[in-house]
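Q: Build me a model from this:
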Amino acid sequence: MTSDPNFRALTGIAAFAMLALAAGAAVASEFERVLPVADAATRKECGECHMAFQPGLLPAASWTRIMDGLQDHFGESASLPADIAAAIRGYLTQNAGSGDGRLIRITEQRWWLRKHDFAPSIWSRREVGAKSNCEACHRTAAQGLYEDD
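A: This next block holds a predicted model:
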C-alpha cells in the first residue's frame, strides 16, 4: 500500500465507478434474464400457440386477468379444463414479476417499451411479425435470456 493520497483517491474513485457500473448493469438486466418456464403444463398449454412466456415478465395481477379471460385470449379461445387452468394460474402468479397489473400485454409494460423504442417498421418486418414474437430478435428468449442479440 502506498501512502500517496492521490493514489488512494484514484483507487477510491475507480472502486466507486466499478460499483456504479455493476449496479447499473443489475438494474438494466432485470428483464434480460428471467427464470425459464419450469412448469410442464404451462409450457405445453401456452406453448401450443406461442412461446410460453416466463411468469417473471408480468405481475401477478396481470396473470390473473389473463387466466380469467381465457375464453377470449387476445381474440382466440384458449379455454382449459378447470384443474389445468388453476394449476397454470398458480404457477404464473406465484412466480410473477413486477410491473403494471392493469396491463395484460407484456409489450405494454413500461420496462418493455423502454427497451423496445424502435421505428414502427421493425414490427412489420416479415421475420418479426409481431411485438410478442420475442424469439425473432432474442434467440434464447424461451430459456429466459433476453440479452441484446
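
Q: For residue 94, see how far away residue 75 is.
A: The gap separating residue 75 from residue 94 is 28 Å, by CB to CB, to the nearest Å. Placement of C-beta: from N, CA and C, glycine included.

Q: just residue 39 next, same as before
A: 10 Å.

Q: mind listing what the residue nearest the centre of the chain touches?
A: Central residue of the chain (CA atoms, centre = their mean): residue 57, 3.4 Å from the mean position. By CB atoms under 8 Å, 6 or more residues apart in numbering, the residues touching residue 57 are 31, 34, 97, 99, 106, 109.

Q: Include neighbour count when you put these into a markdown table, please.
A: What follows is the contacts of residue 57, written out as a markdown table (neighbours: other CB atoms under 10 Å):
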| residue | neighbour count |
| --- | --- |
| 31 | 20 |
| 34 | 20 |
| 97 | 20 |
| 99 | 21 |
| 106 | 19 |
| 109 | 21 |
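
Q: out of those, which are inside strands?
A: Judged by DSSP state E, strands contain none of these.

Q: got JSON lines for these, with distance to residue 123 too?
A: Listed next are the contacts of residue 57 as JSON lines, based on distance: CB to CB, whole Å:
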{"residue": "31", "distance to residue 123": "19"}
{"residue": "34", "distance to residue 123": "22"}
{"residue": "97", "distance to residue 123": "23"}
{"residue": "99", "distance to residue 123": "21"}
{"residue": "106", "distance to residue 123": "14"}
{"residue": "109", "distance to residue 123": "16"}
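
Q: Go through those and name the one nearest residue 71.
A: residue 106 (20.5 Å; CB to CB).

Q: wouldn't the closest one be in contact with residue 112 here?
A: Yes: at 5.8 Å, residue 106 and residue 112 qualify as touching, with contact defined as CB atoms under 8 Å.

Q: Does residue 46 touch residue 89 like I think?
A: No: Residue 46 is not in contact with residue 89 according to CB under 8 Å; the separation is 11.7 Å.

Q: Between residue 39 and residue 94, which has more neighbouring residues?
A: residue 39 (18 against 11; other CB atoms under 10 Å).
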